[in-house]
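K.L.:
Got a predicted structure plus its sequence, pasted below:
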Amino acid sequence: GENVEQHPSTLSVQEGDSAVIKCTYSDSASNYFPWYKQELGKRPQLIIDIRSNVGEKKDQRIAVTLNKTAKHFSLHITETQPEDSAVYFCAAEEVGSQGNLIFGKGTKLSVKP
Amino acid sequence: EAQVTQNPRYLITVTGKKLTVTCSQNMNHEYMSWYRQDPGLGLRQIYYSMNVEVTDKGDVPEGYKVSRKEKRNFPLILESPSPNQTSLYFCASSLDVSNEQFFGPGTRLTVL
């Protein structure tokens, strides 16, 4: 089945710097890769997703890149702000199951003002 | 307002006492799912449902049951809870697995 590895587990940056979180997946047939943000004490919320027919997607300060050959995808946050501090989860759809979404273990991002 | 609701939000119980956590969505979503969240382990899928009367196991189904008799409801049942099921549980719904999942507020369960 699908396996998703996420790195780093913690990341600390200064306000205004960029942050990059990387995930690798094992199932080359996977074609849907969402990223969720979970603020302290809150529920996870989708911030961006990408499908296998595109290599990059941007939404304001957030971008996701996908390298299907290497089976990895990354979240890029530019001009970080204190409100970006949260736990970020990547995920990949397990194609064989047609319903199983496999999450990475999460990255705790801290943005220092 | 489009939302996913869960009840109860907090529950402390004892080993072996059957319990049910309810989940309801008002977005007419076909796909619903249950996750548990534990420190350092991220979100792990317990069960999911592609539609009414269609359910399937996720990564960690042992000790849990679900049912999907109506489109809007997807209850999680612990027939005989054990301390290793102490966790934060999230229900989620979406059009299908390849679309945005809307999470409920979470249920913090403690099994003594």
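P.N.:
Now that the structure is in, tell me what you want to look at. What you see is a predicted model; the values in this text were computed from it and never measured.

K.L.:
any idea which residue sits dead centre in chain B?
P.N.:
For chain B, the residue lying nearest the average C-alpha position, counting by CA atoms, centre = their mean, turns out to be residue B:34 (3.1 Å).

K.L.:
correct me, but that one touches residue B:90?
P.N.:
Yes - counting by CB atoms under 8 Å, residue B:90 is a contact partner of residue B:34 at 7.4 Å. Any C-beta I mention is one placed from the backbone N, CA and C, and that applies to glycine too.

K.L.:
Could I get the full set of strands for the chain?
P.N.:
No chain specified, so I'll use chain A. Across chain A, reading from the start of the chain, the strands by DSSP state E fall at A:4-7, A:10-14, A:19-25, A:32-38, A:45-51, A:56-59, A:62-67, A:72-77, A:86-94, A:100-103, A:107-112.

K.L.:
was after chain B, sorry
P.N.:
Counting by DSSP E, the segments of chain B that form strands are B:4-7, B:10-13, B:19-25, B:31-38, B:42-51, B:54-57, B:65-66, B:76-78, B:87-94, B:102-103, B:107-111.

K.L.:
Can I get the ones you listed in CSV including distance to residue A:33 and mean pLDDT?
P.N.:
CSV is the format used below for the strands of chain B (distance: least, CB to CB, whole Å; pLDDT from 0 to 100):
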stretch, distance to residue A:33, mean pLDDT
strand B:4-7, 22, 98
strand B:10-13, 33, 97
strand B:19-25, 23, 98
strand B:31-38, 17, 96
strand B:42-51, 15, 94
strand B:54-57, 21, 93
strand B:65-66, 26, 98
strand B:76-78, 26, 98
strand B:87-94, 15, 97
strand B:102-103, 18, 97
strand B:107-111, 27, 98
